[in-house]
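A.B. asks: Generate coordinates for the sequence data below:
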Amino acid sequence: MNDELARQGIHFREFRFEDIPALVNILNRTYPDTPTTVENEEHQEKTYPKDNPRLRFAVETGDGRFIGVGGCLKPFWMKAPGVYYMHGTIQPDWRRRGIAQALLARFEPYACEQGATRLWANCREDFDFSIRFLERAGFRHFGLRFESKLDLTAFDESRFPGAIERAAQAGFEITTLAEERASNPDADRRLYELESAFLPDVPLPGGARFEWTYEDFRHMLLESPDSDPSAIFIAKRGRQFAGVTSLELAKNGPVYTSTTGVLREYRGQGIALALKLLSIRLMKERGYTEARTNNDTANPSVLHLNERLGYQRLPGWMQWERPLTP
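C.D. replies: Below is the predicted model:
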């Protein structure tokens, strides 16, 4: 396979920080409806856990053009024993040339050397070329993460009369992380403890569960370029943090709801709906016309809530697994 790539003038080299602008260009060509930025990708690069194993290659032509990237890493944001995760994005004009197969040939032995027994990958539900590759490479489809969008210009909050007031009547105060920080120096840590309490209840395909360190929580939720503490809504009962919904305020694309969760003992009281409604108010105030979110097929309660709000399903993300043998 490497000989075939060489005949086409294609080779792999180590990915470098200065490759990020070219990577952003390829990502935005591949996913034009959810564009990323150099600022976002540089933040992810700078905050990647230094002790987390990763093998990564830039894909380059003979004349030095960057045409893609591939990586294999331990998924540090979740608890998934024996799993390594493979990803790759190739410039559309250079697909179907054997690049993905050559990357897999590098990543499989690497993952085995790290002690992995399963290799995971994902792809968009409407990317036929990715599905064909994964099926031919021996991957098995085992899960789906829904992508959904909400037309904010058509959203009518009057369909949910009294929802926010009922949460208050039940003894919950809804505030923001920005407001909490003004009076509580431990607000960030308490929010992390809240998320750590309910995230293990969020079902992921393949039996995985979300799990992150406080440092990763800060990097991913609080310090990213799209983060805003006034867009992280917190439901409190007395001094206890009981629920949260947080937004990623993209500068050149739709706004994303990244996390919504409520402690187990307070579920079923309309807290998530109240949090969602207040977050939608903010989205509209900030001038966004479209909101997006991701949910797993194994999480019907949140899927049902989003359907009530008017979210419409888009092509989701298919989850794939390939067993590894040493």
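
A.B. asks: Which parts of the chain are helices?
C.D. replies: Applying DSSP state H to the chain gives helices spanning 2-7, 20-30, 38-47, 99-113, 128-136, 163-169, 177-183, 187-198, 214-217, 271-285, 300-309.

A.B. asks: Dump the C-alpha coordinates for the fifth one into PDB.
C.D. replies: What follows is helix 128-136, C-alpha atoms only, in PDB (Å, rounded to 0.1, in the frame of the first residue of the first chain):
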ATOM      1  CA  ASP A 128     -21.100   6.700   1.800                       C
ATOM      2  CA  PHE A 129     -17.400   6.600   1.000                       C
ATOM      3  CA  SER A 130     -16.500   6.300   4.700                       C
ATOM      4  CA  ILE A 131     -19.100   3.600   5.300                       C
ATOM      5  CA  ARG A 132     -17.800   1.600   2.400                       C
ATOM      6  CA  PHE A 133     -14.200   1.800   3.700                       C
ATOM      7  CA  LEU A 134     -15.100   0.900   7.200                       C
ATOM      8  CA  GLU A 135     -17.200  -2.100   6.200                       C
ATOM      9  CA  ARG A 136     -14.500  -3.400   3.800                       C
END
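
A.B. asks: between that helix and helix 99-113, what angle do the directions make?
C.D. replies: Going by axes from the mean of the first three to the mean of the last three Cα atoms, to 10 degrees, helix 128-136 is angled at 40 degrees with respect to helix 99-113.

A.B. asks: re the thing from before, how about the helices of the chain, which one is nearest residue 69?
C.D. replies: Closest of the helices of the chain to residue 69 is helix 20-30, at 5.7 Å (criterion: Cβ to Cβ). Glycine gets a C-beta too; all of them are placed from N, C-alpha and C.

A.B. asks: Low-confidence stretches in the chain?
C.D. replies: Filtered on pLDDT under 70, the chain yields the residue ranges 1, 297-298.

A.B. asks: For residue 162, see how far away residue 98 is.
C.D. replies: The gap separating residue 98 from residue 162 is 59 Å, by Cβ to Cβ, to the nearest Å.

A.B. asks: Among those two, which residue is more densely surrounded?
C.D. replies: Set side by side, residue 98 and residue 162 show more neighbours around residue 98, with 15 against 10, by other Cβ atoms under 10 Å.

A.B. asks: Provide the backbone phi and psi angles at the more buried one.
C.D. replies: Note on residue 98: backbone dihedrals following degrees, to the nearest 10 are phi 90, psi 10.
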